[in-house]
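Engineer: Sequence and predicted structure below; questions after.
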Amino acid sequence: MRLFSGVLDSSSALASAVLGSVSDRLGFSRIVFGRASPSNMPALACSAASSSSAATGAQKPWLFVGLGNPGRMYKGTRHNVGFEMIDAIAEAEGISVSSKQFKAIVGKGLIGDVPVMLAKPQTFMNASGESVGQLVSYFKIPLNQLVVIYDDLDLPFAKLRLLPKGGHGGHNGMRSIVDHLNQSRDFGRLRIGIGRPPEELGAINFVLRSFTKQEKEELEVTFQRSLQAVRIMVREGFNKSAQFVNTPQPPEMLNR
């Protein structure tokens, strides 16, 4: 699996096979591919975002958002590990992440029979909430079905942590998202550890550095585990997925 391949190429045949055949069953892709005008978006209403999908009779999608910075110069850097994870999910599940909506590159499809959206905000990290807030509001995503994937300096390298809510922890992308969700912190977050910078290197320079070859190999195992967590989450629930992620693995499993 090519986890560091960047943005996946669009495939009309694949999009048709994945989405077109299920549009009637899900009532999802018609809404997603309608023309939307971000400039006319109303102010975010968290109450609307958290409303029950039973009111409309349609199953609301899970929204997985990977954080990073757009542009080739940031590709493969530590701060973009959220983007890389979205690419890994998209590649594994055959979802084309190519549609531009609400200041993000978005993909829509299924994991099993569950509708999902994958998004990579293109606002630059510190303004990630501008995109996430609009996506949540427009598609009325329940906040317990929003999961933000991002890098974490406070976790050991390649370690994972999945929580249903929490603060921003000093991460500017998360700070922006909380601000644009009317200060709500009740949404999931999958943190991917990038480790602490060496003493001679500041945090800013550290997060903008690329991964070494060995680090990429270690991250591939982490991404595979994250992919398993996402699949468990949409099929069996957040708590089951959090138990899978947060339970320490025995050494023999880590080396497989």
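Structural biologist: Sure thing, it's come through.
Engineer: Need phi/psi at the residue nearest the centre of the chain.
Structural biologist: When C-alpha atoms, centre = their mean is applied to the chain, the residue found nearest the centroid is residue 65 (2.5 Å). Main-chain dihedrals, residue 65, degrees, to the nearest 10: phi -120, psi 120.
Engineer: Make sure it is actually in contact with residue 136.
Structural biologist: No. With contact defined as C-beta atoms under 8 Å, residue 65 does not count as touching residue 136 (9.2 Å). Where you see a C-beta, it was placed from the backbone N, CA and C, and this is true even at glycine.
Engineer: Find residues that contact each of these two.
Structural biologist: Counting by C-beta atoms under 8 Å, 6 or more residues apart in numbering, the contacts common to residue 65 and residue 136 are residue 146.
Engineer: Can you tell me the element residue 119 falls in?
Structural biologist: strand 114-121 (DSSP states H and E).
Engineer: ok now that strand, how far from the chain's centre?
Structural biologist: What separates the centre of strand 114-121 from the centre of its chain is 7 Å, taken as C-alpha atoms, centre = their mean, to the nearest Å.
Engineer: Now that strand: average pLDDT?
Structural biologist: Across strand 114-121, the average pLDDT comes to 98.
Engineer: what's the answer for stretch 127-136, then?
Structural biologist: 98.
Engineer: Also stretch 221-240?
Structural biologist: Mean per-residue pLDDT for stretch 221-240: 97.
Engineer: The residue lying farthest from the centre of the chain: what secondary structure?
Structural biologist: Here the chain reaches farthest from its C-alpha mean at residue 200, the gap being 31.5 Å by C-alpha atoms, centre = their mean. The three-state label given to residue 200 by DSSP: H, G, I helix; E, B strand; the rest coil is coil.
Engineer: Phi first, then psi, for it.
Structural biologist: Taking degrees, to the nearest 10 as the convention, residue 200 sits at phi -80, psi 0.
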